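Asks: Next input, structure requested:
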Amino acid sequence: MKTSFAVNRREFIAHSLALTGVALVFPSADVVAAPARPLPAGDELAWASASDLSRGMQRGELRSVDIVQSCLARIDRLDRKGPMLGAMIELNPDALAIAAERDGERRAGRLRGPLHGIPVVVKDNVDTADRLATSAGSTLLASSRAARDAFIIERLRAAGAVLLGKNNLSEWANFRSTRSSSGWSARGGLTRNPHVLDRSASGSSSGTACAVAAGYAPLGIGTETDGSIISPSSVCGIVGIKPTLGLWGRSGIIPIAHSQDTPGPMARSVADAALLLGPLTGVDPRDGATQAGSGKSQRDYTSFLRRGALANARIGVPRNLAGFHPAVDRALDAAVAALKSAGAVVLDDLKLPTAGQFDDAELEVLFYEFKADLEAYLATRGASVPVRTLADIIEYNVRERAREMPWFEQELFERAQAKGSLADPAYRAARELCLKLARTEGLDPLLAQHRLDAIICPSNAPAWLTDFMNGDHYIGGNTSFAAVAGYPSLTVPMGFVHSLPLGLSFVGRPWSEGRLIELGYSFEALTQARRPPGFLPTLIA
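Replies: Purely as a prediction, here's the structure:
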């Protein structure tokens with residue numbers, strides 16, 4: 001859930017907008033944020049792309065073991081020491097052994113694909129049939145191990161990746177309380193924003209976003225119901241893709257709602273996100289939603305990594321999705337100017353008339369589906385989990401209040417528990433209203449009427465201060481249209497407000513991930529907005 005050229009061209013856009021207070025999307029802009037601290041020596045591998053690491057292994061200059069050892073050393077230095085980022089909830093004790101096995105396969109000429117030997121971190125609500133727990137951050141499941149991999153983990157292992165460990169998350173994917181602090185779980189503690197440590201990493205894929213941004217691994221897997229990939233990715237200054245519902249299988253993932261849940265890739269570049277996206281697609285026998293993607297998905301999205309894709313691209317800007325922060329609006333203006341400078345046809349000042357009209361209906365759908373879907377998931381875990389129902393979990397949290405509810409309660413759980421079955425007319429009416437307002441009266445006519453390749457909107461407001469007493473202070477962002485419609489979205493770094501990252505979201509039609517990758521990759525190359533985190537204690541000098 002929510003709570004992501006030519007010097008003269010850069011100078012022209014920067015000066016013509018006369019922006020102040022925002023680090024523009026262009027590296028040479030006049031106004032920049034406070035510089036990040038220099039990187040520690042010996043961290044070259046931490047910032048290498050997955051593609052560069054793969055090429056290094058192909059040339060015999062690197063081994064997977066070298067890469068994994070470097071990742072583990074960096075995690076040791078930054079996660080529970082130094083800035084104490086808290087991004088990892090558990091490390092895979094078999095990671096080095098798996099890396100050595102992948103190196104042996106490479107020497108024998110047996111390559112599994114482009115991810116062979118590449119370390120990947122995974123959110124702790126995704127089943128892994130190994131020595132890692134799958135707990136959603138709850139102490140209730142801290143010792144529970146899945147008997148079978150999630151579908152996407154089966155794909156990940158088959159592609160030759162090394163599962164480095166599990167990431168912390170907003171507990172139960174941030175669907176427990178209206179007063180939660182994103183990035184906190186009873187089992188994992190708090191995940192901090194690596195750019196400014198007292199700011200939120202957002203959620204619920206907080207740990208994955210933080211780990212990728214901080215150089216723990218080049219690739220990560222998050223999950224989203226509404227905002228949980230896009231928001232933390234943008235707040236932590238990385239790339240995130242929320243795929244079309246059904247592009248990646250959901251079996252073996254602790255759910256919120258089957259009508260909106262989807263896992264997706266998180267990375268420091270569009271190229272790396274595309275590299276991870278393809279190998280994990282396919283028809284999941286345990287997830288009927290993936291049948292719709294048969295014949296529409298790709299096994300290689302890196303073919304869409306071409307610069308120049310912005311020329312003549314038709315991009316819409318619904319301005320009623322902005323306006324929640326003046327610095328974000330200025331950054332959006334700079335992004336629009338950049339797109340125009342690259343030859344895009346930008347249709348500005350459009351409007352999504354149904355914005356804000358389906359929030360209550362969406363929440364109603366999530367309440368019904370959470371209760372039904374969570375209990376169906378728990379049944380698949382058999383004797384490995386000590387509970388069978390949402391009521392059991394509510395009772396456990398009350399009993400373990402000191403550990404589980406020191407800061408906020410479980411009112412969302414309780415409201416979901418009070419709902420009936422999915423046959424309830426109130427559920428069906430809420431879901432129909434969501435589809436009507438997000439799709440048929442929302443995105444569909446806007447995309448069709450103006451023949452748009454995508455719409456763009458600011459992914460996030462600047463990250464807020466972490467506040468356990470009052471919870472998240474979320475003032476704006478854009479994830480709900482794509483989430484409720486089940487359509488794809490891609491967030492790419494757009495700029496900074498002081499030292500806090502901002503993201504730009506590209507939203508398109510179902511199964512248009514390839515086109516969004518083309519557009520995002522070109523925008524990324526044009527603006528070069530991402531930078532490594534500075535681990536600043538606070539914004540106040």
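Asks: Chain neighbours aside, what residue packs nearest to Leu245?
Replies: With sequence-adjacent residues excluded and distances taken as C-beta to C-beta, 6 or more residues apart in numbering, Leu245 is closest to Gly486, at 3.5 Å. From N, CA and C alone the C-beta is placed, and that goes for glycine too.
Asks: Does the one you found touch Trp511 like I think?
Replies: No. Counting by C-beta atoms under 8 Å, Gly486 does not reach Trp511; the two are 10.6 Å apart.
Asks: Common neighbours of those two, please.
Replies: Common neighbours of Gly486 and Trp511 (criterion: C-beta atoms under 8 Å, 6 or more residues apart in numbering): Thr244.
Asks: quick one, which of these two is more surrounded?
Replies: Counting neighbours by other C-beta atoms under 10 Å for Gly486 and for Trp511 shows that Gly486 has the greater number, 22 against 19.
Asks: Could I get the pLDDT score of the more buried one?
Replies: pLDDT, Gly486: 98.
Asks: ok, it to Asp76 distance?
Replies: Using C-beta to C-beta, to the nearest Å, Gly486 is found at 40 Å from Asp76.
Asks: Can you tell me which residue is spatially central in the chain?
Replies: Ile229 (2.2 Å; C-alpha atoms, centre = their mean).
Asks: burial of Pro386, as a residue count?
Replies: 14.
Asks: er, Asp360 actually
Replies: Neighbour count for Asp360, taken as other C-beta under 10 Å: 11.
Asks: go on, the one 5 residues further on?
Replies: Summarising burial for Val365: neighbours were counted as other C-beta under 10 Å, giving 27.
Asks: tell me the contacts of it?
Replies: Ala257, Ser259, Gln260, Tyr427, Ala430, Arg431, Cys434.
Asks: Can you tell me the element the first one falls in?
Replies: What that stands for is Ala257. Here Ala257 sits in a region with no helix or strand, counting by DSSP states H and E.
Asks: Would you check that it makes contact with Leu366?
Replies: Yes. Using C-beta under 8 Å, Ala257 makes contact with Leu366 at a distance of 4.8 Å.
Asks: between the two, who's got more neighbours?
Replies: Legend: neighbour count by other C-beta under 10 Å for Ala257 and Leu366, higher for Leu366 (26 against 22).
Asks: Give me the phi and psi angles of that one.
Replies: Main-chain torsions, Leu366, degrees, to the nearest 10: phi -60, psi -40.
Asks: Might one say that it is in contact with Pro255?
Replies: No. In this structure, Leu366 is not within contact of Pro255 by C-beta under 8 Å, at 10.3 Å.
Asks: Wait, a helix at Arg145?
Replies: No. Assessed with DSSP: H, G, I helix; E, B strand; the rest coil, Arg145 is coil; it does not lie in a helix.
Asks: Can you add pLDDT and secondary structure and give the contacts of Val365 back as TSV?
Replies: Below are these laid out as TSV (pLDDT from 0 to 100; DSSP: H, G, I helix; E, B strand; the rest coil):
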residue	pLDDT	secondary structure
Ala257	98	coil
Ser259	98	coil
Gln260	98	coil
Tyr427	98	helix
Ala430	98	helix
Arg431	98	helix
Cys434	98	helix
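Asks: Nearest to Arg63 among these?
Replies: Gln260 (40.5 Å; C-beta to C-beta).
Asks: Number of residues surrounding the closest residue to the closest one other than its chain neighbours?
Replies: Once flanking residues are discounted, Gln260 sits nearest to Thr225: 4.9 Å by C-beta to C-beta, 6+ apart. Neighbour count for Thr225, taken as other C-beta under 10 Å: 28.
Asks: Also Ser51?
Replies: By other C-beta under 10 Å, neighbour count at Ser51 equals 18.
Asks: rewinding a little: in this structure the residue nearest to the centre of the chain contacts Gly264, no?
Replies: Yes. Between Ile229 and Gly264 there is a contact at 4.9 Å, judged by C-beta under 8 Å.
Asks: Next, show the common contact partners of these two.
Replies: Residues touching both Ile229 and Gly264 by C-beta under 8 Å, 6+ apart: Gly222, Thr223, Gly240, Ile241, Lys242.
Asks: element containing the second one, please.
Replies: Spelled out, it's Thr223. Per DSSP H and E, Thr223 falls inside strand 219-224.
Asks: what packs against that strand?
Replies: In terms of contacts (3 or more C-beta pairs under 8 Å, 6 or more residues apart in numbering; DSSP states H and E), strand 219-224 is packed against strand 119-123, helix 206-213, helix 230-235, strand 262-267, helix 270-277.
Asks: Sheet partners, orientation included, of that strand?
Replies: Taking DSSP bridges as the criterion, strand 219-224 forms sheet pairs with strand 119-123 (parallel), strand 262-267 (antiparallel).
Asks: and for the longest one, what are the contacting residues?
Replies: Right, strand 262-267. Strand 262-267 is contacted by residues 50, 123, 126, 152, 205, 208-209, 212, 218-224, 229, 232-233, 238-248, 250, 253, 272-273, 275-277, 280, 486 when judged by C-beta under 8 Å, 6+ apart.
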